[in-house]
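[1] Dropping the sequence and predicted coords here.
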Amino acid sequence: MKEKMPLVYKALSLFFVFALFLNYNSTSALPKIVGMLTIGIAGLQYLYCVDTKYMINVAKTSIPFYLQQVYLLTISCAIWILDIQSFAYMEPGLTRLLYTVINITVAVCAAYVYGKDCIEFAFWGSILYHFKMIALAASRAGISNIIPDVIGTIMGEDTGVFMGTLEVNEPTFCVGVFFLFFWFCDKDMFGKRKYLYILLSGLFLITGFKRNICGAVAAAIVIGYWMQWVQNKKRDLHVAIFVGICAIICCVFYVYTIKSSLFVNMAMKYGINLMSREGLYEFIGDQYDFDIIFKGRGFGFVEHYLVYVKTLGLKYAGSSLEHIHNDLLLYYIEEGFWGY
């Protein structure tokens, strides 16, 4: 692709980067245009060179991601049929699954067109977006308020305008994934740029100030080094299974602590600010049970329920209920005990 169509390649790569920069978390048409354009270019490239072996190799990596969507759809269909639900009830879940499948397809096509370069394009788009968010937060808060706001947030005081703007920055999760990827990737893959990428992604991890991400990244690094060590001992499969079982137990126990209020009580005991999540957990608590016979409410239920609540004008702490800020709890409610 690079050798045969260099101008098209450069133009598309720049378009890809700046589309990410401008439209992370956006509802505009540009991300959809970029996605469809990427799929279209991948199709044209395949017709141009018909490299079936390379296409199959790229497609193989996507199989687990597609299978996850098939799994979610299968579990949800069983729940919807048992509950005799209407299409309006199922629509949010089906829409989310469709968009996820499209996103996976766009990622596969980007990998087919750009190879490993698509990683750097996505990374720089994310970094540019974070620079944009910092500039936006600074303009809202004022330059003189930035440092006091940062110090106050670290010290556990109320979040000011600057850090408040950055804290709702969802692409911080993407930066966390990039940080881990560059941390563990082979140095030969990106050369010395690897250390620049680690530095930049680490910087924006800090500015996002999401405590759950910092804890998750730290745990992932420890597990990553552990897996590297056991791989040399030829025991990587056994350890991977062990880590998976431990993760399942922890996730199930975590849901139990929320349902039983143990999580909220511990947070209150040690003065941890849950930022009104305790009210959200209480609000959604009557929609699920912590029980091995809890079959779930179906994929997309939480979104459907909160939209319904919003139409009633119900609010918590003066804010409308947009989401429950807890994906583990969300999947438990939607997929049930065994599906979860």
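    Good, I have the coordinates. Numbering: from 1, shown residues only.

[2] And what about residue 78, helix, strand or coil?
    helix (DSSP: H, G, I helix; E, B strand; the rest coil).

[3] okay, which residue is most central for the chain?
    Computing the C-alpha centroid of the chain and ranking residues by C-alpha atoms, centre = their mean puts residue 173 first, at 5.8 Å.

[4] So that one versus residue 261, what's the distance?
    Separation of residue 173 from residue 261 (C-beta to C-beta, to the nearest Å): 27 Å. The C-beta positions use only the backbone N, C-alpha and C, and glycine is treated the same way.

[5] likewise residue 97?
    32 Å.

[6] So for these two, which sits in the more crowded spot?
    Applying other C-beta atoms under 10 Å to residue 97 and residue 261 shows that residue 97 carries more neighbours, namely 18 against 14.

[7] ok, that one - contacts?
    Counting by C-beta atoms under 8 Å, 6 or more residues apart in numbering, residue 97 makes contact with 69, 72-73, 299.

[8] Which secondary structure state does it sit in?
    Under three-state DSSP, residue 97 comes out as helix.

[9] Just give me the neighbour total for residue 309.
    16.

[10] how much space between it and residue 302?
    10 Å.

[11] Same question for residue 81.
    Residue 81 is 20 Å from residue 302, by C-beta to C-beta.

[12] cool, residue 285 as well?
    As judged by C-beta to C-beta, residue 285 and residue 302 stand 13 Å apart.

[13] which one of these two has more residues nearby?
    Between residue 285 and residue 302, residue 302 has the larger neighbour count (other C-beta under 10 Å), namely 24 against 15.

[14] Can you identify the element that follows the helix or strand of the chain with the lowest mean pLDDT toward the C-terminus?
    Across the helices and strands of the chain, mean pLDDT, DSSP states H and E gives its lowest value to strand 319-320, namely a mean of 50. Counting by DSSP states H and E, the next helix or strand C-terminal to strand 319-320 is helix 327-339.

[15] list the buried ones in that following helix?
    329-337, 339 (16 or more other C-beta atoms under 10 Å).

[16] same thing with stretch 264-282?
    Buried, per 16+ other C-beta under 10 Å, within stretch 264-282: 264, 277-278, 280-281.

[17] can you give me the strands for the stretch 51-200 of the chain?
    Counting by DSSP state E, counting those that start in this stretch, the stretch 51-200 of the chain forms no strands at all.

[18] Return the distance of residue 274 relative to residue 284.
    Computed as C-beta to C-beta, the residue 274 to residue 284 distance reads 14 Å.
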